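Q: one predicted model, sequence on top.
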Amino acid sequence: MGTMNATPLYLWLIPALPFAGFLINGFLGRRLPKALISAVALGAPLAAFLVVIRAALMVWPGSGSVALPCAENFAGSWILAGMLHVDFTFALDQLTLIMLLVITGVGFLIHIYSVGYMAHEDGYWRYFSYLNLFLFFMTVLVLAENYLLMFVGWEGVGLASYLLIGFYFDKTSAANAGRKAFVVNRIGDFGFLLGMFLILAQFGSLSFSQMGTSLANVPGMHGGILTAICICLVLGATGKSAQIPLYIWLPDAMEGPTPVSALIHAATMVTAGVYMIARTHFLFDRSPMALAIVAIIGAATAFFAATVALVQTDIKRVLAYSTISQLGYMFLGCGVAAYSAAIFHLMTHAFFKALLFLAAGSVIHGLSGQQDMRKMGGLRKKLPVTFWTMTAGVIAIAGIFPFAGFFSKDAILYEAFQHGTPGKVLWFVGVVTALLTSFYMFRLWYLTFFGESRADTHPAAQHAEPGQGVEHAHEVHESPRVMLAPLAVLAVLSLLGGWMGMDRFGGFLAPVLGPVTVPAHEPGGASRDWGLSVVAVVTAVLGWFLADLFYRRKPDRPMAVQASMPGVYTLLENKYAVDEMYGMTIVQPLILFSRYVLGGFGEVGIIRGSTWVLGGAATLSGEFVRRWQAGNLRSYAGWLAVGVAVLLIFAASYALGASGTMIHLNWGGH
């Protein structure tokens, strides 16, 4: 990672500032006025973002201040145990800088939006303390210079997500969703732990830089133990980044407040797995099998989630499956060793997915809590700012030129196409997924904003978040400025975020992730075939055309298609019954085992048996002590005599034993 930095960048402030916000609002927020809570909650991520900007200016090529990579050690040797030496070190390189800008920048916008969205919540202070805690752990994760410190942040974002998803803890579905996210991620984290143990056994270090140096000194080392390590890490990544088979927690995470969904889905937790794979690419580059597994998981997840999103009616759930699908694209990019393209899509996705979730929250806010798209419609003129900003997000995620999603998604598909026949199969899956993505996103757009209003006089309470006021319908209204301002900023980023181009973005990350190839439409890639880019754009436009045909020009056609294919529609509506299958094959057997095996043998045989033995021993000892301490002077005198006799016998035995030893020694002397 390079030498310690002579000019301080104060990297420790980046996580410390959100943590300070968490402490202040967490411990004092109940007694603070709302304005002060908001000031602390917004000031912490803003200050962290400014520290990141300062670091970016100091390390930017040509500034001459600090050269990347650099590191700052804040606690000397953190762990010293035999040969294990782990430092509490934060490191900064090009990849870390991109991640920090996304996390703190987009995170700050979500904090601003939350001030308006959560204004009437009873747990206002608690919400913002959790939000600051989330940013603290995520910044620790990306700043960590070794696996162990990364794991601290890794587990921390799991804890913070549990708290935020289950924010409405008095609502059963929210409590269950938080618990589900926590448990499923622990399965993935078990794989991460195994990977760390294997790394420690193989390299004797958990430092990224030391591992990279060790591998560079053994150029012929491939497969074998490295494949085992990578597969364990992939299991951890599928949990955090919601990929097959551990994606099931993310759709239920919609039970949290909408800004939480934006934070988790766009800029923080779900990107951790992609970041971890990119950060440790020097391991995956030595294991073609591990890369193939990552690519297949990514392509399968992208297509699978896109098909489920086709029939969802909850506006937030559509976006949830969209997130799973887009993360699949990022995994596909990593699997074909296009790490820079995957991070490029991670960045652009943070812009347009945060925009889409926050715009969806604005729609829900304007409809007094309604989330069912079947009960929306006709909102284009009533929510004009929300409409136009969400339009930018929809076009961006569909991959239509010149919005950001086109550049990053096309870069991944281009790289996949270059990897022989298997790569072309993956490319085809990616293109079909892009078609589905465009279709279901414009379906959401038409159902929400076009046609006649289908809103109920009294929106169904079960579709609303607590605190959104659904007892009586209100006039449909645009959101306050504090919510609309972040939408405008994110809309601009969704339009312009890809214009830096894969050549510049990949060139900036090249010292960390290696050189990149440039698609045809990029500067410097004029010799490349433009055909792939044209196919990507045509596919996106075709999806828009089909959505327009089904949901604007002939709105009765979706019902006809549903009636003609009831089996397929039911399968998609039930999300392929994956949750039910997991319930039957894993959850229920574990419950039965716990109830009848552990509850029978364990509870009756071990727990109750041990309590009976301990209770009996306590009773007998108590009876003995009771008789001993009876308050009878004659009894005390008797016990005293017995004690003195025992001491005398012991002393006599010791004296005889000592003299016998002396005699024995004297005899031995003769």
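A: Structure received.

Q: my guess is residue 385 meets residue 487, correct?
A: Yes - at 6.8 Å, residue 385 counts as touching residue 487 under the criterion of C-beta atoms under 8 Å. Any C-beta I mention is one placed from the backbone N, CA and C, and that applies to glycine too.

Q: neighbour count for these two, which is higher?
A: Neighbours per residue, other C-beta atoms under 10 Å: of residue 385 and residue 487, the larger number sits with residue 487, 26 against 18.

Q: so who does the more buried one touch?
A: 113, 355, 358-359, 362, 385-386, 389-390 (C-beta atoms under 8 Å, 6 or more residues apart in numbering).

Q: for residue 205, same thing?
A: Neighbours of residue 205 in contact, by C-beta under 8 Å, 6+ apart: 85, 146, 199, 211, 214.

Q: which stretches of the stretch 501-650 of the chain form strands?
A: Here the stretch 501-650 of the chain has no strands by DSSP state E, counting those that start in this stretch.

Q: residue ranges with poor pLDDT in it?
A: Residues of the stretch 501-650 of the chain that meet the criterion pLDDT under 70 lie in 516-529, 594-609, 611-612, 622-641, 644, 648, 650.

Q: what ranges does it have for its helices?
A: Shown for the stretch 501-650 of the chain, the helices assigned by DSSP state H, counting those that start in this stretch span residues 501-513, 531-548, 557-564, 566-573, 578-582, 588-592, 609-628, 633-669.

Q: may I ask which of the contacts of residue 487 has the most neighbours?
A: Ranking these using other C-beta under 10 Å puts residue 359 first, with 33 neighbours.

Q: element containing it?
A: In the assignment (DSSP states H and E), residue 359 maps to helix 339-366.

Q: find the centremost residue of the protein, please.
A: The residue lying closest to the centre of the chain (C-alpha atoms, centre = their mean) is residue 269, at 2.2 Å.

Q: nearest spatial neighbour of that one, skipping sequence neighbours?
A: Closest residue to residue 269 apart from its sequence neighbours, by C-beta to C-beta, 6 or more residues apart in numbering: residue 157 at 4.7 Å.

Q: also residue 51?
A: That would be residue 13: by C-beta to C-beta, 6+ apart, it lies 4.9 Å from residue 51.

Q: how much space between that neighbour and residue 54?
A: Between residue 13 and residue 54 the distance, using C-beta to C-beta, to the nearest Å, works out to 9 Å.

Q: looking only at neighbour counts, state which of these two leads.
A: Between residue 13 and residue 54, residue 13 has the larger neighbour count (other C-beta under 10 Å), namely 19 against 14.

Q: these two touch, right, the more buried one and residue 50?
A: No - Residue 13 is beyond contact range of residue 50, at 9.5 Å (criterion: C-beta under 8 Å).

Q: now do the contacts for residue 195.
A: Residue 195 touches 147, 229-230, 232-233, 235-236, counting by C-beta under 8 Å, 6+ apart.

Q: in this structure, which spans are strands?
A: With DSSP state E as the criterion, the chain has strands at 70-81, 84-92.

Q: so which of those is the most surrounded?
A: Highest mean neighbour count among the strands of the chain (mean count of other C-beta atoms under 10 Å): strand 84-92, with a mean of 20.

Q: how near is residue 228 to residue 119?
A: Distance from residue 228 to residue 119, by C-beta to C-beta: 51 Å.

Q: hmm, I was thinking of residue 549
A: 41 Å.

Q: ok, residue 225 next?
A: For residue 225, the distance to residue 119 - C-beta to C-beta - is 54 Å.

Q: pretty sure residue 191 sits against residue 229.
A: No - if you go by C-beta under 8 Å, residue 191 and residue 229 don't touch, sitting 10.4 Å apart.

Q: between those two, point out the one with more neighbours.
A: Taking neighbours as other C-beta under 10 Å, residue 191 and residue 229 compare with residue 229 leading, 26 against 19.

Q: can you pull the contacts of the residue lying closest to the more buried one once chain neighbours are set aside?
A: Once flanking residues are discounted, residue 229 sits nearest to residue 198: 4.7 Å by C-beta to C-beta, 6+ apart. Neighbour list for residue 198: 225, 228-229, 232 [criterion: C-beta under 8 Å, 6+ apart].

Q: out of those residues, which are buried?
A: 228-229, 232 (16 or more other C-beta atoms under 10 Å).

Q: restricted to helices, list those.
A: Among the buried ones among the contacts of residue 198, the ones falling in helices (DSSP state H) are 228-229, 232.

Q: which one of these is nearest residue 442?
A: When those are compared for distance to residue 442 (C-beta to C-beta), residue 232 comes out closest, at 39.9 Å.

Q: you'd agree the closest one is up against residue 189?
A: No - using C-beta under 8 Å, residue 232 makes no contact with residue 189, being 10.7 Å away.

Q: ok, the residue nearest to residue 51 to residue 47 distance?
A: For residue 13, the distance to residue 47 - C-beta to C-beta - is 8 Å.

Q: same check on residue 353?
A: Counting by C-beta to C-beta - residue 353 and residue 47 are separated by 25 Å.

Q: quick one: which of these two has more around it?
A: residue 353 (28 against 19).

Q: dump the residue contacts of the more buried one.
A: 262, 265-266, 319, 322-323, 326, 393, 397.

Q: pLDDT value on the residue nearest to residue 497 when sequence neighbours are not counted, please?
A: In space, and not counting its chain neighbours, residue 497 is closest to residue 404: 3.8 Å by C-beta to C-beta, 6+ apart. Predicted confidence (pLDDT) for residue 404: 90.

Q: run through the residues that contact residue 404.
A: Neighbours of residue 404 in contact, by C-beta under 8 Å, 6+ apart: 348, 351-352, 396, 493-499.
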